[in-house]
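Participant: Okay, sequence plus prediction incoming.
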Amino acid sequence: RLPTGMEQPAEEIVELAAADYMRVVDLWQRAGLKFRPGGRDSAAAFAGPTASGRQTVLGAIEGESLIGVVLVTHDGRKGWINRLAVDPAYRHQGLGTRLIAAAEQHLHRQGIDVIAALITEKNTASQAVFTRAGYQHDPTVLYFSKRSNPEA
């Protein structure tokens, strides 16, 4: 529910391209997401998967402003929603949920029926958004990673 006097933003959700990288980085920083410019958040790491079609970047645009973003990938059997970010001025208006829904629609069109998101234990705001969107925490899953670079 929106506070009195607040309207839901009239955003348009569109596919972004590698050329939008700096706009996305600016939003990630405004939203407080950890930024790893020497690794997985580098311009090359953003552009390569986007250009090859392995990653789709969906952005919420209001006027000329990028107010929300989500990275969408899949491995052919499972879809992943990554790096969901909403401009702080547009939070608590359902934009995160609408971006998740757009990511799900994109994945369903590609035949993907299992969709997941990795969320850190401390990120309770994202946990709440995904829970409201129908996602369930699976306490039986342990996440392991091996990184060739601490920034990866």
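Facilitator: Sure thing, it's come through. Numbers count the residues shown, from 1 in each chain.
Participant: Regarding the protein, what is its longest helix?
Facilitator: With DSSP state H setting the assignment, residue counts place helix 95-109 as the longest helix in the chain.
Participant: That helix - contacts with which helices or strands?
Facilitator: Under the contact criterion of 3 or more C-beta pairs under 8 Å, 6 or more residues apart in numbering; DSSP states H and E, helix 95-109 touches strand 12-16, strand 55-62, strand 65-74, strand 78-86, strand 114-116, helix 124-132. Yep, even glycine has a C-beta here, placed from its N, CA and C like the rest.
Participant: Give me the distance from the lowest-mean-pLDDT helix or strand in the chain to the chain's centre.
Facilitator: Taking mean pLDDT, DSSP states H and E as the measure, helix 43-52 is the helix or strand of the chain with the lowest mean score, a mean of 90. Its chain's C-alpha centre lies 15 Å from the corresponding centre of helix 43-52 when counted by C-alpha atoms, centre = their mean, to the nearest Å.
Participant: Pull out the buried positions in that helix.
Facilitator: By 16 or more other C-beta atoms under 10 Å, the buried positions in helix 43-52 come out as 45-46, 49-50.
Participant: which among these gets closest to Asp75?
Facilitator: Minimum distance to Asp75 across the buried residues of helix 43-52 is 12.1 Å, recorded for Pro49 (C-beta to C-beta).
Participant: Might one say that the closest one is in contact with Thr56?
Facilitator: No. Pro49 lies out of contact with Thr56 (C-beta atoms under 8 Å); the separation is 9.1 Å.
Participant: what do these two both touch?
Facilitator: Jointly contacting Pro49 and Thr56 under the rule C-beta atoms under 8 Å, 6 or more residues apart in numbering are Thr73.
Participant: picking that back up, including distance to Gln105, could the helices and strands packed on helix 95-109 go into JSON lines?
Facilitator: Below are these laid out as JSON lines (distance: least, C-beta to C-beta, whole Å):
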{"stretch": "strand 12-16", "distance to Gln105": "10"}
{"stretch": "strand 55-62", "distance to Gln105": "10"}
{"stretch": "strand 65-74", "distance to Gln105": "10"}
{"stretch": "strand 78-86", "distance to Gln105": "11"}
{"stretch": "strand 114-116", "distance to Gln105": "11"}
{"stretch": "helix 124-132", "distance to Gln105": "16"}
